[in-house]
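Engineer: Structural data only, the sequence is not supplied:
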């Protein structure tokens with residue numbers, strides 16, 4: 001029997017915009033000892049994943065300068081790109097965001113790098129932080 005108890009909101013992953021994944025792999029894998037988690041590339045970014053407790057760290061390297069990560073690095077340099085929260089019911093949370101006047105980047109959920117439904121919230125509505133929401 002599957003447990004249907006809601007998990008509540010939790011950090012699913014943190015995305016770091018980086019100039020070069022190969023340069024940083026040894027630090028996360030060998031120095032910190034974080035196990036690699038295979039992730040598919042998405043949204044014009046090469047993605048390397050690492051397990052961090054119950055969450056992931058994603059290294060996002062732009063495939064070209066005109067991608068979202070490429071534009072982020074051009075404007076701000078490497079650093080924290082976004083935080084992803086896993087929510088029990090993505091559609092309900094997006095409805096609450098709309099009702100509260102939160103600006104959505106993704107009006108409807110789409111499939112993200114982990115094969116889960118995702119939607120981004122505009123940083124102009126979230127205190128300057130790019131927020132990604134995902135199904136558990």
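Structural biologist: Looks like it came in fine. In this text, all values refer to a predicted model and were calculated from it rather than measured experimentally.
Engineer: CA only for contacts and neighbour counts going forward, please
Structural biologist: Will do.
Engineer: Do me a favour and get the end-to-end distance for stretch 62-72?
Structural biologist: 9 Å (CA to CA, to the nearest Å).
Engineer: One more: stretch 127-136?
Structural biologist: Taking CA to CA as the measure, stretch 127-136 stretches 24 Å from start to finish.
Engineer: And the pLDDT for the nearest residue to residue 41 once chain neighbours are set aside?
Structural biologist: When the adjacent residues along the chain are set aside, residue 41 lies closest to residue 47, with 5.2 Å between them (CA to CA, 6 or more residues apart in numbering). The predicted local confidence for residue 47 comes out at a pLDDT of 96.
Engineer: ok, what's across the strand from residue 47?
Structural biologist: residue 60 (DSSP bridges).
Engineer: Now do the helix or strand encompassing residue 118: which elements does it pack against?
Structural biologist: Secondary structure from DSSP states H and E places residue 118 in strand 117-121. On a contact count with 3 or more CA pairs under 8 Å, 6 or more residues apart in numbering; DSSP states H and E, strand 117-121 meets strand 110-111, strand 131-134.
Engineer: what sits against the residue nearest to residue 41?
Structural biologist: Counting by CA atoms under 8 Å, 6 or more residues apart in numbering, residue 47 makes contact with 39-41, 58-61.
Engineer: which stretch of helix or strand covers residue 97?
Structural biologist: helix 90-99.
Engineer: all helices of this structure, in order?
Structural biologist: 21-26, 68-76, 90-99 (DSSP state H).
Engineer: which of the ones you listed sits most buried?
Structural biologist: Mean neighbour count, computed with mean count of other CA atoms under 10 Å, is highest for helix 68-76 among those, reaching a mean of 17.
Engineer: So what's the gap between that helix and the chain middle?
Structural biologist: A distance of 15 Å separates the centroid of the chain from that of helix 68-76, by CA atoms, centre = their mean, to the nearest Å.
Engineer: And the helices and strands packed on strand 117-121: which comes nearest residue 90?
Structural biologist: Put simply, out of the helices and strands packed on strand 117-121 the one that sits nearest residue 90 is strand 131-134, at 6.3 Å, with distance taken as CA to CA.
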